[in-house]
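[1] What follows is a protein structure lacking sequence information:
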């Protein structure tokens, strides 16, 4: 995350567990979309626990540079000869002079929603790749999330969760801006899509999806209360209702992670 970041979810062991689960739910689809070629030199902005970073490095067969500002994240991150994980800020990447403009792919997932100056980060990503190199952005637009039938109290809880971002100066809807950010950073946008992130109660992965959403909301509880966005009783009741709702056979979650790809001119 950047120097002007405000990571809503914190770095507690519970949050690290949620992020690890999220990687297991998402990385297979992400790797299909990334279509990495052998020999690609990759830099991962905001690499977190390094799980997707390692998948990318293995696909390329080259050593990947990962940047992460959280010492807690790096302490729990993957350790592998293919990973060069560096403590640093995505708004001021710890790259050596000769490394700028040398990468084939610069990647960031769930980073831009937590920085106050996302364009600054994307400009660094563009600068990091060679001419013609790829820049891939994956991030959230929390407004597209739906669950059905809707659990009691969920709408005000989700709205309060979204508002907790802008109270920190961040953008919970940044996914819809990704192509624009690539353009404004001087890259040529070449692709816009998204990765479906949803499930229903009959699927084996359903408990993982439920746990991820519940943990995300529970982790933002204090921020919502301190921001005056929703009372503790309302939050707690909605979280209980969400857990109960997850046992309904017709329950379903619908969500997608926004994806934009550009090339350095």
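    Nice, thanks for sending it over. The structure displayed is predicted, hence computed values, not measured ones.

[2] Might you report the residue contacts of residue 235?
    Applying Cβ atoms under 8 Å, 6 or more residues apart in numbering, we find residue 235 in contact with 157, 160, 217, 221, 224-225. C-betas here are computed from N, CA, C, even on glycine.

[3] And the residue nearest the centre of the chain, how far from residue 134?
    What sits nearest the mean C-alpha location of the chain, by Cα atoms, centre = their mean, is residue 110, with 1.8 Å. Separation of residue 110 from residue 134 (Cβ to Cβ, to the nearest Å) stands at 18 Å.

[4] just to revisit the earlier point, inside strands: which ones of the contacts of residue 235?
    Assigned to strands by DSSP state E, none of the contacts of residue 235 qualify.

[5] In helices only, show me those.
    Among the contacts of residue 235, the members found in helices (DSSP state H) are 157, 160, 217, 221, 224-225.

[6] just the helices in the stretch 51-200 of the chain please.
    51-60, 71-76, 118-128, 154-166, 178-184 (DSSP state H, counting those that start in this stretch).

[7] can you put those in a markdown table and add distance to residue 85, mean neighbour count and mean pLDDT?
    Output for those, formatted as a markdown table (distance: least, Cβ to Cβ, whole Å; neighbours: other Cβ atoms under 10 Å; pLDDT from 0 to 100):
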| stretch | distance to residue 85 | mean neighbour count | mean pLDDT |
| --- | --- | --- | --- |
| helix 51-60 | 8 | 22 | 96 |
| helix 71-76 | 6 | 15 | 88 |
| helix 118-128 | 16 | 23 | 98 |
| helix 154-166 | 27 | 19 | 97 |
| helix 178-184 | 25 | 19 | 98 |
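
[8] Which one, of those helices, ends up nearest to residue 105?
    In terms of Cβ to Cβ, the element of the helices of the stretch 51-200 of the chain nearest to residue 105 is helix 51-60, at 7.8 Å.

[9] Tell me where the stretch 151-265 of the chain has strands.
    187-196, 199-200, 252-254, 256-264 (DSSP state E, counting those that start in this stretch).

[10] Touching, residue 263 and residue 136? I think so.
    No. Applying Cβ atoms under 8 Å as the test, residue 263 and residue 136 come out as separate, 10.4 Å apart.

[11] and of the strands of the stretch 151-265 of the chain, who's closest to residue 229?
    Using Cβ to Cβ, the strands of the stretch 151-265 of the chain put strand 252-254 closest to residue 229, at 22.3 Å.

[12] now do the same end-to-end measure for stretch 73-87.
    End-to-end distance for stretch 73-87: 10 Å, by Cα to Cα, to the nearest Å.
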